[in-house]
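[1] quick one, structure for this:
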Amino acid sequence: MNATVGDRLLLHGNTVGQKDRQGEIIEVRGNDGGPPYIVRFEDGHEGLVFPGPDAVVVPQ
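    Below is the predicted model:
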């Protein structure tokens, strides 16, 4: 998984009833665009994310 600043990260809900979350990647801390990423989610929360298999990077 590779990303650049400005790309969107889509995290699919992994349990029944859990909504998908998405946010903007505001910092890439891994080598060559790899994780982890600092993500600003729709609710304004920012966090360090190590995306799993339920995540998709949507290029800007």
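
[2] mind listing what the closest residue to Gln60 other than its chain neighbours touches?
    Using Cβ to Cβ, 6 or more residues apart in numbering and skipping residues adjacent in sequence, the residue nearest Gln60 is Gly6, 4.3 Å away. Where you see a C-beta, it was placed from the backbone N, CA and C, and this is true even at glycine. Gly6 makes contact with Glu24, Ile25, Gln60, according to Cβ atoms under 8 Å, 6 or more residues apart in numbering.

[3] sort out which one of those residues lies nearest Pro35 for me.
    Distance to Pro35, by Cβ to Cβ, is smallest for Ile25 among the contacts of Gly6, at 9.7 Å.

[4] show me what the strand or helix carrying that closest one is packed up against.
    Element membership for Ile25, per DSSP states H and E: strand 21-28. Secondary-structure packing of strand 21-28 (3 or more Cβ pairs under 8 Å, 6 or more residues apart in numbering; DSSP states H and E): strand 8-11, strand 37-41.

[5] any chance of those in CSV with distance to Val56 and mean neighbour count as columns?
    Converted to CSV, the helices and strands packed on strand 21-28 look like this (distance: least, Cβ to Cβ, whole Å; neighbours: other Cβ atoms under 10 Å):
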stretch, distance to Val56, mean neighbour count
strand 8-11, 5, 18
strand 37-41, 13, 19
